[in-house]
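# Any chance you can model this:
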Amino acid sequence: MPYVTTLTEDDLDFGKRLTERLKAERFPFRGVFWLYDDETDDWQLVVATDLVEKEGPRKTYLRLAKVTSSVAGSDFQLMRISAINPRGPLYRALSSTFGKTASVLGARLRQTVVNGILIPEAYLYEIH
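Numbers count the residues shown, from 1 in each chain. The predicted structure is shown next:
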């Protein structure tokens, strides 16, 4: 396995704070998790939301920016937030496996195949 950039405690705390803020703001999300991307050799904080399909990526990111503006984090952490459509194969695989689990907070996946989708590395907060 190639070298994997480390996900720091600050990153983990940032993801948890963002998840809590999304809930407090009633932002319509279905899941939040860190996902390692082999191509960029970096982690992305993924927010799965139906807004990507309903309103498009631009409006989704503008709405996310309003929420993230009240979450303490570095510019580097804020730049690594990605929004995805929960109907895509990655999120559908995670949801079918973990969606009925009471809590996935802190679950780590390493070189795991979930319903035919390879997850190189992931750290889960919520999957609905």
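# For residue 60, which non-adjacent residue is closest in space?
Among residues not flanking residue 60 along the chain, residue 51 sits closest, at 4.3 Å (Cβ to Cβ, 6 or more residues apart in numbering). Where C-beta positions appear, they are placed from N, C-alpha and C, glycine not excepted.
# Flag the shaky bits of this structure, pLDDT-wise.
Applying pLDDT under 70 to the chain flags residues 1-4.
# now with 80?
1-5 (pLDDT under 80).
# Any idea which residue is closest to the centre of the protein?
Compute the mean C-alpha point of the chain, and by Cα atoms, centre = their mean the closest residue is residue 46, 2.4 Å away.
# what's the helix or strand hosting that residue packed up against?
In this structure, residue 46 is located in strand 42-48 according to DSSP states H and E. Using 3 or more Cβ pairs under 8 Å, 6 or more residues apart in numbering; DSSP states H and E, the elements in contact with strand 42-48 are helix 9-24, strand 31-37, strand 81-84.
# how about these, which one is nearest residue 70?
Closest of these to residue 70 is helix 9-24, at 6.2 Å (criterion: Cβ to Cβ).
# Let me know the angle separating that closest one from strand 42-48.
10 degrees (axes from the mean of the first three to the mean of the last three Cα atoms, to 10 degrees).
# For the residue lying closest to residue 25 once chain neighbours are set aside, the count of nearby residues, please.
Leaving aside its sequence neighbours, residue 25 sits nearest to residue 67 (Cβ to Cβ, 6+ apart; 5.1 Å). Using other Cβ atoms under 10 Å, residue 67 has 18 neighbouring residues.
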